[in-house]
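*Asks:* Below is the sequence, then the predicted model.
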Protein chains: 2
Amino acid sequence: MSQPLHAIQQVLDFIVEIEKLKDVHRKTRPVGLERFENSAEHSWHVCLSALMLHPYADKPVNIDRVIKMLLIHDLGEIDAGDTIIYASETPENKQAEEQGVKRLLALLPSSVAEGYLALWQEFEAGDSDDARFARAIDRVPPLLHNLNGDGHSWRKHDVSKEMVLRVNSRIGEGVPALWQLLQRQLDQAEQDGLLRSEQSRSHE
Amino acid sequence: MSQPLHAIQQVLDFIVEIEKLKDVHRKTRPVGLERFENSAEHSWHVCLSALMLHPYADKPVNIDRVIKMLLIHDLGEIDAGDTIIYASETPENKQAEEQGVKRLLALLPSSVAEGYLALWQEFEAGDSDDARFARAIDRVPPLLHNLNGDGHSWRKHDVSKEMVLRVNSRIGEGVPALWQLLQRQLDQAEQDGLLRSEQSRSHE
């Protein structure tokens, strides 16, 4: 096989392998659906969310880099699985994800793997403006799932409002106005009984 | 609500509404899965496929525009539904999709809707280099599903090799070397009995 055909075959092998992300199940249900979300459709959803929300980012971001980051941000879950964000993000799990990303990228022509690994690591580190924004947006759809879906994963996993505020405060680091708006909706969710505060729980 | 908060709420409404794409079912099954693919996870898959295949495009493309095009290319299916590519793409269906895209974009702040509608229309027209490439890539995953999945949708819908070649020849317009490679695999699929030629069918 000639060089370009060989490289293209490598990309096709990658395309088939990453399809496994469609079988990694998350902890929330898309609004209106009874089944759990998978990480592939989530990845599409956060890319389009980022595209539409980037005008409101705290710092200017390169939306094209952000979208590439979000397209690959969950690939590590193919080998490591999805974990609920309210459990600690353990170093072991992060390491398993990085190994998984490396395994997948190694399927590609060698000239490209390094750049995408660096982009994945940048997302994980969350230190750049692009990564901070991407990590903020990554948290938005699961919140909307709960806010518009009777708080189903909050109730199932006994998550308090304080935990929701703590874990999702990174939304405020990326898009302060968005976090302001969502905090109001979380207040309303508490009033509507979708979400308990730790204080009210201690009285029961 | 202040102006930015009002605009952000509009974007959140859009984000929740487009989630319905996760419930639009396509005609092929992801490799290794028993269920049909949905158009949201397909959209993620084609974006990442385009990102990795664009170095092999026939003409230079703006991959950032292509990815945006592919993120939104199936939104019209939320109202119009998915149709098998081997059925004719009727003007009625295309019109229903365009109406659907307009309905969704109208949820967004008015300043952005027009640009995305133009990008969606560019994809549909397929006349620009970016659109030609995007439309080529859009056809790749369903072919891989059949090639790696016992030709399931070909057999179910009685699709002949000649139909596969005709309907997917646009892959060759966007990425000639990729089409060359896939045609070899289609030859092999015919030899393996996953795909029948019209000629062989007429003898049965």
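*Replies:* Sure, I can see it. Numbering: from 1, shown residues only, chains lettered A, B, ... in the order given.
*Asks:* mind listing what A:E97 touches?
*Replies:* A:76-77, A:79-80, A:124 (C-beta atoms under 8 Å, 6 or more residues apart in numbering or on different chains). C-beta: built from backbone N, CA, C; applies to glycine.
*Asks:* ok, now A:L70?
*Replies:* A:43, A:46-47, A:50, A:123, A:134, A:137-138.
*Asks:* just checking: which of those residues also lie near chain B?
*Replies:* Subset of these in contact with chain B: A:43, A:47, counting by C-beta under 8 Å from any C-beta of the partner chain.
*Asks:* Show only the entries of the contacts of A:L70 found in strands.
*Replies:* Counting by DSSP state E, no part of the contacts of A:L70 is found in strands.
*Asks:* Kindly reformat the contacts of A:L70 as JSON lines containing pLDDT and neighbour count.
*Replies:* As requested, these are exported to JSON lines (pLDDT from 0 to 100; neighbours: other C-beta atoms under 10 Å in any protein chain shown):
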{"residue": "A:S43", "pLDDT": "98", "neighbour count": "26"}
{"residue": "A:V46", "pLDDT": "98", "neighbour count": "27"}
{"residue": "A:C47", "pLDDT": "98", "neighbour count": "28"}
{"residue": "A:A50", "pLDDT": "98", "neighbour count": "26"}
{"residue": "A:F123", "pLDDT": "98", "neighbour count": "22"}
{"residue": "A:A134", "pLDDT": "98", "neighbour count": "28"}
{"residue": "A:I137", "pLDDT": "98", "neighbour count": "27"}
{"residue": "A:D138", "pLDDT": "98", "neighbour count": "24"}
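*Asks:* Nearest to B:A189, out of the contacts of A:L70: which one, please.
*Replies:* Nearest to B:A189 out of the contacts of A:L70 is A:S43 (C-beta to C-beta; 29.4 Å).
*Asks:* still on that earlier bit, farthest pair within the contacts of A:E97?
*Replies:* A:D79 and A:E124 (15.0 Å).
*Asks:* And the residue nearest the centre of chain A?
*Replies:* Geometric centre of chain A, nearest residue: A:D138, 3.8 Å, by C-alpha atoms, centre = their mean.
*Asks:* Next one: the closest residue to A:L5 other than its chain neighbours relative to B:A189, how far apart?
*Replies:* Among residues not flanking A:L5 along the chain, B:L181 sits closest, at 5.3 Å (C-beta to C-beta, 6 or more residues apart in numbering or on different chains). Separation of B:L181 from B:A189 (C-beta to C-beta, to the nearest Å): 13 Å.
*Asks:* sorry, back to before: neighbours around the residue nearest to A:L5, how many?
*Replies:* Using other C-beta atoms under 10 Å in any protein chain shown, B:L181 has 21 neighbouring residues.
*Asks:* Could you do A:L144 as well?
*Replies:* A:L144, neighbours per other C-beta under 10 Å, totals 22.
*Asks:* Please name the residues that touch it.
*Replies:* If you count contacts by C-beta under 8 Å, 6+ apart, then A:L144 has A:31, B:12, B:15-16 around it.
*Asks:* Where helices are concerned, which of those count?
*Replies:* B:12, B:15-16 (DSSP state H).
*Asks:* Quick check on these: which are buried?
*Replies:* Listed as buried from the ones in helices among the contacts of A:L144 are B:12, B:15-16; burial here means 16 or more other C-beta atoms under 10 Å in any protein chain shown.
*Asks:* possible to save those residues as CSV with distance to chain A?
*Replies:* Converted to CSV, those look like this (distance: C-beta to the nearest C-beta, whole Å):
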residue, distance to chain A
B:L12, 7
B:I15, 5
B:V16, 5
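*Asks:* out of those, who's nearest B:R65?
*Replies:* Nearest to B:R65 among those: B:I15, at 21.6 Å, using C-beta to C-beta.
*Asks:* surely the closest one meets A:P142?
*Replies:* No: using C-beta atoms under 8 Å, B:I15 is not in contact with A:P142, being 11.7 Å away.
*Asks:* Where do the strands of chain A begin and end?
*Replies:* Under DSSP E, chain A gives no strands.
*Asks:* mind listing the helices in it by residue range?
*Replies:* Using DSSP H, helices in chain A cover A:3-18, A:39-53, A:63-72, A:77-80, A:91-105, A:110-125, A:129-138, A:140-147, A:152-156, A:161-168, A:170-174, A:176-191, A:198-202.
*Asks:* Among the ones you listed, show me which one is buried the most.
*Replies:* helix A:39-53 (a mean of 26; mean count of other C-beta atoms under 10 Å in any protein chain shown).
*Asks:* That helix: how far from the chain's middle?
*Replies:* 9 Å (C-alpha atoms, centre = their mean, to the nearest Å).
*Asks:* Thanks a lot, see you next time.
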